[in-house]
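Colleague: predicted coordinates and the sequence they were generated for:
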Amino acid sequence: MAGWLRGKVKEVVSGDTLVIVGGTQGLTVPQEKRLTLSSLIAPRLGKRDGSTRDEPFAWESREFLRKKLIGQAVVFRVDYVVEVAGNKEFGSVFLQQGQQQENIALSIVQNGWAKVREVTGGPQQKQSPYIEELLKAQEAAQNGQLGLWNKDPSAIAASLGAIPTPDEFNAMTFFGSVGKGKPIAGIVEAVLNGSTLRLSLLPDRTPLTVAVAGVQCPSMGKRPAATAAPTADSNGTAAAEANGTDANGSAAPASGAVTAASIAASGVAAAAQQGPGGAEPLAREAKWFTESRCLNREVRVVLEGVDKYNNLFGSVFYPEEDKPANLAEALMQTGLAKAVEWSLNMMTNGAMRLREMERQAKQQKRGIWVNYVPQNTGQTKLSDSFLGKVVEVVSGDTLVIKDVNAGVERRVSLSSVRAPRAGGRDRAPEPYGLDAREFLRKKLIGKDVTVKMEYTRKIGPVMPGADGAAPAAPTAEGRDVMAFGNVELNNAKEGEDRNASEMVVARGFASVVRHRSDEERSSVYETLLEVEEKAKQVGLSMLFWFDGLLI
């Protein structure tokens, strides 16, 4: 096949147009080519704003080609270029099927999803080299009333169903009707940046934009102003391209797009693709990373929340080797996204894993963290554990526990939890501080517990007796060190409270600390956030949401 090139299908724009990319390695963004199949005319999809409607069977035509080609390796070549349509390129595409190669244009026509355009007055080279086969296939599809040749009025009407416009979509209303933690299915129509996707919801094709919960990729910046386009029309597409779109409302290729000769099997890096708009470092790489996994794929989105700007957030799962893969985790693992704490707090589960993956990416200086310099948080991670007995309850979040093996008493503060101070010799107790301490005393004093130490934190000098007990011994730097851990009862019966942090938060006697991204936190941090949210909802928290005492 002389003159033929190899590539992979990145996007299916319509029933006769696709985007092919060359080979790439690592995070390199490959060059791409937009190619319309020679001598074919597929029905056009309407524009997103609703200014034009779908032609009959436009969606079905695009879906036939999408399901067949998206993500597939193909062999292609450019057959001809129409200069009056902005140097639009038309070509032939073959899909490898075992030892056979499938002519994609012929398959489309055989199934009735596109018409064959014959050139009657122009030069013969401006048509497909397989024109005779295409015409025979079209005649057979017409006789069988396949695809768009279907004359059934009900089938035609079904293909022209009204599609909601983006302006009609309200994220808060939609989220309320579906529910938090509930999955929805959709097809990714566009990747705005590495962590923001535009979908067509299935089965009604409602358009919606989803931000990936918990993470944020580098910004692509503002879009540049649209460039001028030709005014002539050819094959019904040039006029649409003059408005920056093709005839089905998708973005048209920019002027100066790469030609067939510039895209080869090995691919060429698109490092010089730094157009106007001010994209942040690795923004294009993050966008390509998500496109290569999600664009035109059917994905599952678990709804997590809506922000005050009516933006919808969800956990996105894309197909990978017939198994669902988590997009946020894939981005984080590659170092192409950072954790966003307020968005992480929306998540039903998985937030702690994302935080840990960000920590690893920083340590290994991957992606956006290549120049990362760790901040001094005053914390040190711990991993030891011991069996002990609670001998003193200092406050609603601090205990003195005797290590039964070492025979020493250790002061342990509950990880990621803050209760009101119980007061001391020179300071009055904070509101509910004594109640919080008394609640924890009744639950834990004299009880056998398992303690998993998690981190220490350096603090400034504390006056003796400030919280009802002597402070920890000062370090060599003249700073005190607090040790934080997770405490669980050993002999709790089924249905009884076991975790000390969870029980004190659940009763409204403590709040969960909102850590900075670099800080250590409790191993049950996500559970604590869930417990705290439930306490808010039922009015149990006396610290911030409820002025009363419930035990």
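Modeller: Done, it's in.
Colleague: just the pLDDT for the spatially most central residue of the chain.
Modeller: Most central in the chain under CA atoms, centre = their mean is Val212, positioned 3.1 Å from the mean C-alpha point. Per-residue pLDDT puts Val212 at 97.
Colleague: ditto for Lys458
Modeller: For Lys458, the model assigns a pLDDT of 83.
Colleague: close enough to count as contact, the residue nearest to the centre of the chain and Gly314?
Modeller: Yes: contact status for Val212 versus Gly314: in contact at 7.4 Å, counting by CB atoms under 8 Å. (C-beta placed from N, C-alpha, C; glycine too.)
Colleague: surely Leu5 touches Val75?
Modeller: Yes: assessed by CB under 8 Å, Leu5 is found in contact with Val75 at 7.2 Å.
Colleague: more neighbours: which of the two?
Modeller: Higher neighbour count among Leu5 and Val75: Leu5, with 20 against 16, using other CB atoms under 10 Å.
Colleague: count of neighbours near Trp342?
Modeller: 10.
Colleague: quick check: which element contains it?
Modeller: helix 341-344 (DSSP states H and E).
Colleague: next secondary structure element downstream of that helix?
Modeller: helix 351-364.
Colleague: how about Ser92, phi and psi?
Modeller: phi -110, psi 140 (degrees, to the nearest 10).
Colleague: need the per-residue pLDDT for the residue located most distally from the centre of the chain.
Modeller: The outermost residue of the chain, judged against the average C-alpha position, is Arg425 (51.9 Å), by CA atoms, centre = their mean. Looking at Arg425, its pLDDT reads 78.
Colleague: Met347 too?
Modeller: So Met347 comes in at 89 (pLDDT).
Colleague: please name the nearest non-neighbouring residue to the residue nearest to the centre of the chain.
Modeller: Ser195 (4.2 Å; CB to CB, 6 or more residues apart in numbering).
Colleague: what's the local residue count around the one you found?
Modeller: The burial count for Ser195: 29, using other CB under 10 Å.
Colleague: contacting residues for it?
Modeller: By CB atoms under 8 Å, 6 or more residues apart in numbering, the contact set of Ser195 is 211-212, 215-217, 286, 290, 327-328, 331, 337.
Colleague: could I get the full set of strands for the stretch 301-450 of the chain?
Modeller: Along the stretch 301-450 of the chain, counting by DSSP state E, counting those that start in this stretch, strands occupy 312-320, 323-326, 338-339, 379-381, 385-395, 398-403, 409-414, 417-418, 448-459.
Colleague: circling back to that earlier point, mind listing what's buried along the helix holding Trp342?
Modeller: 343-344 (16 or more other CB atoms under 10 Å).
Colleague: can you list contacts of that helix?
Modeller: 211, 213-216, 313, 351, 354-355, 514-517.
Colleague: 6 Å - rerun?
Modeller: Helix 341-344 has contacts (CB atoms under 6 Å, 6 or more residues apart in numbering) with 213-214, 351.
Colleague: show me the helices in the protein, by range?
Modeller: 58-69, 104-110, 131-143, 153-159, 171-178, 238-241, 283-294, 327-334, 341-344, 351-364, 433-444, 500-506, 525-537 (DSSP state H).
Colleague: tell me which of those helices sits nearest to Val394.
Modeller: helix 433-444 (7.4 Å; CB to CB).
Colleague: ok, the closest residue to Thr450 other than its chain neighbours - contacts?
Modeller: The shortest distance from Thr450 to any non-neighbouring residue, by CB to CB, 6+ apart, is to Glu488 (5.2 Å). Listed by CB under 6 Å, 6+ apart, the contact set of Glu488 reads 450, 498-499.
Colleague: which of those ranks first by neighbour count?
Modeller: Top of those by neighbour count (other CB under 10 Å): Asn499, with 20 neighbours.
Colleague: okay, and the beta partners of that one?
Modeller: Glu488 (DSSP bridges).
Colleague: likewise Val390?
Modeller: Beta-bridge partners, per DSSP bridges, of Val390: Ile401.
Colleague: hmm, it is touching Lys443, no?
Modeller: No: here Val390 lies out of contact with Lys443, judged by CB atoms under 6 Å, at a distance of 9.1 Å.
Colleague: what sits against the residue lying closest to Thr209 once chain neighbours are set aside?
Modeller: Closest residue in space to Thr209, ignoring its immediate chain neighbours: Arg198 at 5.1 Å, by CB to CB, 6+ apart. Neighbour list for Arg198: 189-190, 209 [criterion: CB under 6 Å, 6+ apart].
Colleague: out of the residues you listed, who's nearest Leu148?
Modeller: For the contacts of Arg198, the nearest to Leu148 is Glu189 (21.6 Å; CB to CB).
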